[in-house]
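K.L.:
the following block contains a protein sequence and its predicted model.
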Amino acid sequence: MSLGAATEASEPVRFKCVALPGVGGAFDVDIAGGRVRSITPSLSGDPVRLLLPAFIDLHLHADRAYAQGPRRARSLEDAVEQVEAVKRAATEEDIFERACKLFRRASAHGTTRLRTHVDIDPVVGWRPLAAVARARRQFEEVLDVSIVAFATAHLDPSSAIGRRTITEAVAGQADMIGTVVPFHEDPTVSLNALLDIATELDVGADLHIDERAGSGYLEELADACLTRKMHGRVTASHCCALATTPPADAARTIDKLAEARMTVIALPALNLHLQDRGSITPRRRGITPVREMLDAGVPVRFGSDNVMDVFYPYGDADPLEAAFLASITAHVDDESALLRGICDGRSRVEEGMEADLVVIEASTWNEAIARRPLPRTVLRRGRRVTVERSGQR
Ligand SMILES: [Zn+2]
């Protein structure tokens, strides 16, 4: 039996007297045949629940979640160092169990689609990819999982073994490819090699880029995407350094991101935790210039990233938490921008749409992100989702 299941048949469902994003008032919403069939004003009074599009969390690490190191990471570099021992010690079964736990939490929070990076390198071999792919099959009734083959510091995409391993990963279980370019000897060569492989294999690329202050490969990535005409095929995750780039340079880079239709994923929790960590209170907060990107028309998403692991000791794969943190750290006040950030561009519930939905026990968006209440009712393609041990925190 699968661990996650959509247990009820696709029978009609009616949500009475719910609030909807972007419109005032209360509504009755009918679901049938996997779609939102009708939305009508409710005569039952004020809404006490909020119906939202289901969440889409575009940045997680299912293979590392819940695997903590011997001590609290002192910096990004320290976390990268500590994760080595964790990776070497992990069996395929360990990774499978952790990935399942993460998928359960994500699903219980109202996520119906997620993207996870999965390490591929000679240290871990194929264990993480096999384990996460198995967990994906276990949860296929409730969750669409897309896997990014993540070429770590031990696997340079510009090397022969790098190219071969990434190609094998895509032939196997991976849907996209990624890396951290400054980890490699010649970052520019590695960046271009990764994009070449993505083009050759006809898959998208999602790069961890410019997470460290002072790093500066984002503009190069945008230029490379434009040259290759990879419009809309590339995602840039983190992009913290852009926050401390001179404004004119940052503006030029942002214009190129918009032109290349690159998606940028901001990861507020992880960046707040690790950026500028040292002996004094941090001054640089590490969040990419989200509002400037939104103003320029760059699709900005908010992801969970690491969950209770070496890199980040907290987190619960709750997109509402990512939206809350984006709101208070980047001062994104606009409800629909926050919703688009955790729903991959959707911000409304409309007639005819596929019924991937989540019901929050809150009467407004503000209350939803303030309290982030559980449990939540989750529908995927019109069927109620249940997962083991979902429910209260
Ligand atoms: Zn990450």
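P.N.:
Arrived safely. Residues are numbered from 1 along each chain as shown.

K.L.:
how is this structure carved up into domains?
P.N.:
As recorded under automatic domain parsing, the domains making up the chain are 4-54+349-387, 55-342.

K.L.:
low-confidence stretches in the stretch 1-150 of the chain?
P.N.:
Counting by pLDDT under 70, the low-confidence segments of the stretch 1-150 of the chain come to 1-10.

K.L.:
quick one, helices of it?
P.N.:
Defined through DSSP state H, counting those that start in this stretch, the helices belonging to the stretch 1-150 of the chain, from first to last, are 76-89, 92-109, 127-138.

K.L.:
want to throw those helices into CSV with mean neighbour count and distance to Ser158?
P.N.:
Glycine gets a C-beta too; all of them are placed from N, C-alpha and C. Converted to CSV, these look like this (neighbours: other C-beta atoms under 10 Å; distance: least, C-beta to C-beta, whole Å):
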stretch, mean neighbour count, distance to Ser158
helix 76-89, 16, 20
helix 92-109, 23, 27
helix 127-138, 21, 21
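
K.L.:
residues in contact with stretch 89-98: which ones?
P.N.:
Contacts of stretch 89-98 with the rest of the structure, by C-beta atoms under 8 Å, 6 or more residues apart in numbering, involve 62-67, 124, 127-128, 130-132, 134-135.

K.L.:
just put these in JSON lines and tack on distance to Lys101.
P.N.:
Putting those into JSON lines (distance: C-beta to C-beta, whole Å) gives the following:
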{"residue": "Ala62", "distance to Lys101": "9"}
{"residue": "Asp63", "distance to Lys101": "12"}
{"residue": "Arg64", "distance to Lys101": "12"}
{"residue": "Ala65", "distance to Lys101": "7"}
{"residue": "Tyr66", "distance to Lys101": "6"}
{"residue": "Ala67", "distance to Lys101": "11"}
{"residue": "Val124", "distance to Lys101": "19"}
{"residue": "Arg127", "distance to Lys101": "17"}
{"residue": "Pro128", "distance to Lys101": "15"}
{"residue": "Ala130", "distance to Lys101": "17"}
{"residue": "Ala131", "distance to Lys101": "12"}
{"residue": "Val132", "distance to Lys101": "12"}
{"residue": "Arg134", "distance to Lys101": "14"}
{"residue": "Ala135", "distance to Lys101": "9"}
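
K.L.:
most widely separated two among the residues you listed?
P.N.:
Tyr66 and Ala130 (18.1 Å; C-beta to C-beta).

K.L.:
any idea what Asp119 is bridged to?
P.N.:
For Asp119, the beta-bridge assignment (DSSP bridges) gives partners Phe150.

K.L.:
distance check, Asp206 against Arg72.
P.N.:
27 Å (C-beta to C-beta, to the nearest Å).

K.L.:
the more surrounded of the two?
P.N.:
Between Asp206 and Arg72, counting by other C-beta atoms under 10 Å, Asp206 is the more crowded of the two (27 against 13).

K.L.:
Asp175 is in contact with that one, correct?
P.N.:
No - taking contacts as C-beta atoms under 8 Å, Asp206 lies outside contact range of Asp175: 10.0 Å.

K.L.:
skipping adjacent residues, who's closest to Asp186 in space?
P.N.:
Nearest non-adjacent residue to Asp186, counting by C-beta to C-beta, 6 or more residues apart in numbering: Ser158, 7.1 Å away.

K.L.:
what count of nearby residues applies to that neighbour?
P.N.:
Counted with other C-beta under 10 Å, the neighbours of Ser158 add up to 21.

K.L.:
what's stretch 206-221 in contact with?
P.N.:
Counting contacts by C-beta under 8 Å, 6+ apart, the residues outside stretch 206-221 that touch it are 59, 76, 115, 117, 148, 176-182, 187-188, 191, 194, 234-242, 244-245, 249, 252-253, 256-257, 262, 265, 271, 275-276, 284, 286.

K.L.:
please pick the buried ones from these.
P.N.:
Neighbour counting by 16 or more other C-beta atoms under 10 Å classes 59, 76, 115, 117, 148, 176-182, 187, 191, 194, 234-242, 245, 253, 256-257, 262, 265, 271, 275-276, 286 among the contacts of stretch 206-221 as buried.
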